[in-house]
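A.B. asks: requesting a structural model of the entry that follows:
(one chain, ligands or ions: 1)
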Amino acid sequence: MHALDNNALVAVIGAGAMGAGIAQVAAQAGHPVKLYDNRPGAAAQAIDAIDRQLGRLVEKGKLDAAARSAIVARLQPLEAIEALADARLVIEAIVENLEVKRGLLRQLEALCAADCLLASNTSSLSITSLAAGLHHPERVIGMHFFNPAPLMALVEIVSGLASDPALAQCLYATASAWGKQPVHARSTPGFIVNRVARPFYAESLRLLQEGAADCATLDALMRDAGGFRMGAFELTDLIGHDINYAVTCSVFDAYYGDFRFQPSLIQKELVEAGRLGRKSGRGFYDYAAGAERPSAAELDSAAEIATCVLEGDLGVAQPLVQRLKDAGVAVIERAGSGLLRVGDAVLALSDGRLASQRAGEDGLRNLVLFDLAEDYTQAARIAIACSADTTPAARDQAVALLRRAGLRVSLLADLPGLAVLRSVAMLANEAAEAVLHGVGSAADIDLAMRAGVNYPRGPLAWADAIGVGAVLRTLDNLQRAYGEERYRPSLLLRRRHAEGRRLHD
Ligand code: NAI
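C.D. replies: Predicted structure coming up:
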């Protein structure tokens, strides 16, 4: 089905952060837009704020003055909701409360034409539930924008049980025509992004709780090895712990307490202390004027390394070998199972087992595990964890070798799956589960995670790059190490692995 014609009147209800942003997006796309808020004067104030914001774009030369005037002229504030009876699309962005939103939808159904689409920007309520009780629940569809709506590309087009697929397609095409990157999602708790992103926060919080390293080190690893824009601690400080914790709790409750989504006591404590992040001046980090930002811990080594032995190949980590060769390290290659030997140390990419456990099971001494990197040709940092028998000299040799490859080396306590590998394995697991349950297609889920939360790769494509078998093994090993259902692999991973297929096949 085609996009709405851009002459079609769009009404936005709720002139807060999201409503104002959505109104701006629709007006920029050429629609006449009516904006209503039940707080008198709020809609007009929001339009003034949009005008000032567009003014700043004009000053920077990013928008011409005539376009600014045209956009603002298309925005009309309303003082009475009845005046939007002629809208073709109404998008509500009012308070996140099921009963209040349902009341509004009932009012809109009585007010608007039969062919008017009713969209909700809810981030956590069920579209099925919002539409229930209406005479025409088929025209209620989620249109979930991300904050700030004029800048963030992603829009989740969310269908409830009764939503008409043709109308969902119309909103998809409309969001696309507005310059957005839409994806289809089935109405399930958290839709795509707020569900699939949970392990990104959860695994870092757990690593912190279990004493793997400090926040600054873990954040640096997620950035410099994982390729994420921010680590989980700096990101949740930015989002606000009250908001991030509430989303986790809501997803956890909605999935009947599934341990995969279990909230973190560390984050709860921050909320209780009022340490909400940047907005309150303190979260995991201190934002007071003059406060020093802690730096990531890293290991130095005085060991001199000229040679190492590569047994087999390192799989996804193989580019490290080229980095070593480029740095002038002589690499002696022989058959084997993916180990790098230097002096007394043996290095291997983590497979989700504890270093000490793997050392015992595989009969290896001085075992130093290293972490996954998003791109081993570029990574600036890598995490390691050492088996308990690793001597200081062997550890020094391993660190020196990795430093020769141009990597900063951060030591983690011996925890299964290190930092990036376990986070990515759990993101891929959640994404696979969402595919299995028909929440979205593999392509849409990956796209949503890249466009909605700026992940360097979609979790499913990432799992394909690492190998479905390797991700499955990592999760199986994490589950074995913790004995917890939280790490149970999705049936889809196991099935695809058994079939010899990729997740994107
Ligand atoms: P907000 O609190 O900034 O704005 C809500 C606005 O709705 C207020 O101006 C309020 O006066 C108005 N309002 C409340 N009840 C109303 C009613 N019955 N009729 C008309 N106007 C009413 O909230 P925000 O952040 O803009 O969120 C709005 C919606 O968007 C919520 O459903 C939220 O879950 C969702 N959302 C929020 C995101 C965010 O990052 N803030 C991201 C994506 C979705």
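A.B. asks: who's in contact with the nearest residue to P416 once chain neighbours are set aside?
C.D. replies: Sequence neighbours aside, A481 is the residue nearest to P416 in space, at 4.1 Å (criterion: Cβ to Cβ, 6 or more residues apart in numbering). The C-beta positions use only the backbone N, C-alpha and C, and glycine is treated the same way. By Cβ atoms under 8 Å, 6 or more residues apart in numbering, the contact set of A481 is G352, R353, L354, Q357, P416.
A.B. asks: please report how far A481 lies from L105.
C.D. replies: Distance, A481 to L105, using Cβ to Cβ, to the nearest Å: 47 Å.
A.B. asks: how many residues are close by the residue in the chain positioned nearest to the ligand?
C.D. replies: Going by Cβ to the nearest ligand atom, the ligand is nearest to G16 of the chain, at 1.8 Å. A count of nearby residues for G16, using other Cβ atoms under 10 Å, gives 14.
A.B. asks: correct me if wrong: it contacts E96.
C.D. replies: No - using Cβ atoms under 8 Å, G16 is not in contact with E96, being 10.5 Å away.
A.B. asks: for stretch 497-505, measure first residue to last.
C.D. replies: Terminal residues of stretch 497-505 lie 12 Å apart, using Cα to Cα, to the nearest Å.
A.B. asks: ok, and what's touching that stretch?
C.D. replies: Under the criterion Cβ under 8 Å, 6+ apart, residues 428, 431-432, 435, 442-443, 446, 460-461, 463-464, 468-469, 472, 492-493, 496 lie in contact with stretch 497-505.
A.B. asks: equivalent analysis for stretch 195-207, please.
C.D. replies: Stretch 195-207 has contacts (Cβ under 8 Å, 6+ apart) with 188-190, 213, 218-219, 222, 228, 231-233, 235-236, 244, 248, 251, 260-262, 264, 266-267, 412, 415, 419, 422-423, 426-427, 429-431, 434, 439, 445, 448-449, 453, 459.
A.B. asks: filter those down to the buried ones.
C.D. replies: Buried by 16 or more other Cβ atoms under 10 Å: 188-190, 213, 218-219, 222, 228, 231-233, 235-236, 244, 248, 251, 260-262, 264, 267, 412, 415, 419, 422-423, 426-427, 429-431, 434, 439, 445, 448-449, 453, 459, out of those.
A.B. asks: give the helix, strand or coil label for the residue nearest to P416.
C.D. replies: With DSSP: H, G, I helix; E, B strand; the rest coil as the basis, A481 sits in helix.
A.B. asks: quick check: the gap between the residue of the chain closest to the ligand and D37.
C.D. replies: Taking Cβ to Cβ as the measure, G16 falls 8 Å from D37.
A.B. asks: need the residues touching each of the two.
C.D. replies: A46.
A.B. asks: okay, and the beta partners of L75?
C.D. replies: For L75, the beta-bridge partners are V33 (DSSP bridges).
A.B. asks: isn't it up against Q28?
C.D. replies: No - contact status for L75 versus Q28: not in contact, 10.0 Å apart, counting by Cβ under 8 Å.
A.B. asks: among the two, which residue is more densely surrounded?
C.D. replies: Between L75 and Q28, counting by other Cβ under 10 Å, L75 is the more crowded of the two (25 against 20).
A.B. asks: please tell me the pLDDT value assigned to the more buried one.
C.D. replies: For L75, the pLDDT comes out at 98.
A.B. asks: for it, what are its contacts?
C.D. replies: Per Cβ under 8 Å, 6+ apart, neighbours of L75: A23, Q24, A27, V33, L35, I47, I50.
A.B. asks: could you rerun that using 10 Å?
C.D. replies: L75 makes contact with 12, 20, 23-24, 26-28, 31-35, 43-44, 46-48, 50-51 under the criterion Cβ atoms under 10 Å, 6 or more residues apart in numbering.
A.B. asks: same deal with V471?
C.D. replies: Contacts of V471 (Cβ under 10 Å, 6+ apart): 352, 421, 424-429, 432, 459-460, 462-465, 489-490, 493, 496-497, 503.
A.B. asks: grab the nearest non-local neighbour of it.
C.D. replies: Closest residue to V471 apart from its sequence neighbours, by Cβ to Cβ, 6+ apart: A463 at 4.6 Å.
A.B. asks: so that neighbour makes contact with V435?
C.D. replies: No - between A463 and V435 there is no contact under Cβ atoms under 10 Å: 11.0 Å.
A.B. asks: what's the local residue count around Q45?
C.D. replies: Residues lying near Q45 (other Cβ under 10 Å) number 14.
A.B. asks: right, I mislabeled it, should have said P148
C.D. replies: Close neighbours of P148, defined as other Cβ under 10 Å, add up to 14.
A.B. asks: number the chain from 36, please
C.D. replies: From this message on, residue numbering opens at 36, which makes the last subject P183.
A.B. asks: domains in this structure, by residue range?
C.D. replies: 45-222, 230-315, 342-446 (automatic domain parsing).
A.B. asks: so what's the residue nearest to P451 scoring on pLDDT?
C.D. replies: What the model reports for A516 is a pLDDT of 96.
A.B. asks: distance of it from R529?
C.D. replies: In this view, A516 and R529 are 18 Å apart by Cβ to Cβ.
A.B. asks: filter the contacts of stretch 532-540 down to the ones close to the ligand.
C.D. replies: Among the contacts of stretch 532-540, not one lies near the ligand by Cβ under 6 Å from any ligand atom.
A.B. asks: filter these down to the buried ones, ChimeraX style.
C.D. replies: Per 16+ other Cβ under 10 Å, the buried members of the contacts of stretch 532-540 correspond to this ChimeraX selection:
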select :463,466,467,470,477,481,495,496,498,499,503,507,527,528,531
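A.B. asks: I227 - nearest residue in space that isn't next to it in sequence?
C.D. replies: Among residues not flanking I227 along the chain, A483 sits closest, at 4.3 Å (Cβ to Cβ, 6+ apart).
A.B. asks: can you tell me the element the one you found falls in?
C.D. replies: If you go by DSSP states H and E, A483 is part of helix 477-488.
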